[in-house]
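Enquirer: following is a predicted model, sequence given first.
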Amino acid sequence: MASQTLQKVDHSALKTNQIIIIALNILAFILNLPVLVAFVALAMGIGSALKIPGFGFVYKSILKPRGWMKPDVLDDNPEPHRFAQFLGFLFMTGGYVALFFGASALGWSLVWLVVALAALNAFGGFCVGCAVYYWLVRFNLPGFTKQPPAGTFPGMKPKVGASL
Amino acid sequence: MSSEILLRFGLAVGIIVLGAFGYWLTNQHLLGRARNNVFTLFTKLPNKPVIVYFTTPDCAPCKTIQRPALNHLSNVMGDKLQVIEIDATEQPDLARKWGVMSVPTTFLLDARGEARYVNNGVARAEKLMEQLQTL
């Protein structure tokens, strides 16, 4: 396995992002607001482009400064998390397009899929999108180069002090 | 309008509850199977909490996370805890009887041999310790 340098990734920012995505998507479903789905998709898309969690600003500007959420900085690869967010963006966009064209069942199913995967990540510590990223690394696809931190199952939240 | 919102709210709650219930039901089913098969492991109850740990030789998280977590617990609790490790590839019938669908899977049995908790996937030392404290 080639050596690689891990970066400091604040998992609290990721968790905040996931919880906001879950909350807004459920709200969008309850209020039948496809425009809110579009808003979440947009935030995730912008986040993917800027390489930050789409709703990370809530953590950075509100939760963290007020001490309402403590940083959970771990040695990790940020790339799989960005990829996971990008996958979420694709699902959300697909969901919005389906809702726009009246395919409600398909649209809301995609939205609920994102809710389920975000919940698994936020509360179960398993990032499916990250696991897909590490799985794609095996196929030597360009841009997919990172290995999971040592002692970490692909997709699982790294242990404190993990290194490679 | 408000009735539609109420209906959709109910649906959302229903989906969430259904997901949680499905997870709970799966665990109850596994615990039931474990209770029925406790005596496939013991002839005599050990009179102390037991962790039954299913693994396979090619299970990476078993080696890197689960095994160290169990070692840590064994060191902390000494002879107040028994850990039984089962290689699911060597004993596939036993794994099937216990309803093991993935590895690592850990079952926590109380001193009477009653299966009380099941963890599908990696269970960290802190979580196992919390569960052991309630036995």
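Expert: Okay, I see it.

Enquirer: surely A:L14 meets A:P53?
Expert: Yes: using C-beta atoms under 8 Å, A:L14 is in contact with A:P53, at 5.7 Å. Just so you know, the C-beta spots here come from the backbone N, C-alpha and C atoms, and that holds for glycine as well.

Enquirer: which of the two has more residues huddled nearby?
Expert: Set A:L14 next to A:P53 and count neighbours by other C-beta atoms under 10 Å in any protein chain shown: A:P53 wins out with 27 against 23.

Enquirer: picking up where we left off before, quick check: neighbours shared by A:L14 and A:P53?
Expert: Here A:L14 and A:P53 have A:H81 as joint contacts, going by C-beta atoms under 8 Å, 6 or more residues apart in numbering or on different chains.

Enquirer: now the host helix or strand of B:H72: buried residues?
Expert: For B:H72, the host element (DSSP states H and E) is helix B:67-77. Residues of helix B:67-77 classed as buried: B:67, B:69-70, B:73, B:77 (neighbour count, 16 or more other C-beta atoms under 10 Å in any protein chain shown).

Enquirer: run a quick neighbour tally on residue 18.
Expert: In the absence of a named chain, chain A is used. 25.

Enquirer: try again with chain B
Expert: For B:L18, the count of nearby residues is 10 (other C-beta under 10 Å).

Enquirer: in three-state terms, label it for me.
Expert: Counting by DSSP: H, G, I helix; E, B strand; the rest coil, the backbone at B:L18 sits in helix.

Enquirer: from B:D93, how far off is whatever residue of chain B ends up closest to chain A?
Expert: Distances between chain B and chain A by C-beta to the nearest C-beta are smallest at B:P61, namely 3.7 Å. Separation of B:P61 from B:D93 (C-beta to C-beta, to the nearest Å) stands at 24 Å.

Enquirer: so which of these two has more stuff around it?
Expert: Just comparing B:P61 and B:D93: by other C-beta under 10 Å the higher neighbour count belongs to B:P61, 19 against 9.

Enquirer: what about that one, helix or strand, and which?
Expert: helix B:60-61.

Enquirer: alright, that wraps it up for me.
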